[in-house]
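Visitor: sequence and predicted structure, then a few things I'm wondering about:
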Amino acid sequence: PGLRLMEMLLERGAAVEYHDPFIPVLPVTREHAALAGRASVAWDAETLAGFDAAVIVTDHDGLDYQGLAAHCPLVVDTRNAMRAVEGFADRIVKA
């Protein structure tokens with residue numbers, strides 16, 4: 001669903017990036033060919049602070065979700081990945 005969500009946001013004029021430690025560059029697919037070649041962005045304070053919002057579509061172990069909440073003003077969590085994050089309830093929306 002992540003690729004479809006990216007397309008939907010792009011269709012509505014959003015600037016869209018992604019981070020996935022297992023997919024550094026999006027491959028060519030039949031359904032989402034226009035997304036091919038996009039590169040995963042860094043997961044660091046400077047990069048995260050540059051976003052208006054983040055949408056969690058896949059819960060990966062080892063990602064610093066506390067840091068995500070600390071640096072990104074809005075996190076839409078579709079996987080309950082933020083369950084252990086403390087102190088940023090006003091920034092997290094469970095979807």
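Guide: Everything's here; your move.
Visitor: is it true that residue 8 lies in a helix?
Guide: Yes: Residue 8 sits within a helix when classified using DSSP: H, G, I helix; E, B strand; the rest coil.
Visitor: just the element for the residue of the chain most remote from its centre, please.
Guide: Using Cα atoms, centre = their mean, the residue of the chain lying farthest from its centre is residue 30. It sits 22.3 Å away. Counting by DSSP states H and E, no helix or strand carries residue 30.
Visitor: got it, and residue 4?
Guide: Taking DSSP H and E as the criterion, residue 4 maps to helix 2-11.
Visitor: may I see the buried residues of that helix?
Guide: 2, 3, 6 (16 or more other Cβ atoms under 10 Å). C-beta: built from backbone N, CA, C; applies to glycine.
Visitor: from what I can see the last one touches residue 16, true?
Guide: Yes: Residue 6 is within contact range of residue 16, at 5.0 Å (criterion: Cβ atoms under 8 Å).
Visitor: before we move on, back to that, report all helices and strands that the helix holding residue 4 contacts.
Guide: Using 3 or more Cβ pairs under 8 Å, 6 or more residues apart in numbering; DSSP states H and E as the contact criterion, helix 2-11 has no neighbours among helices and strands.
Visitor: residues touching the helix or strand that comes right after that helix, excluding its own?
Guide: Using DSSP H and E, the helix or strand that follows helix 2-11 in sequence is helix 45-49. Helix 45-49 is contacted by residues 41, 54, 67, 68, 70, 71, 72 when judged by Cβ atoms under 8 Å, 6 or more residues apart in numbering.
Visitor: next, the fifth one: phi, psi?
Guide: It stands for residue 70. phi -70, psi -30 (degrees, to the nearest 10).
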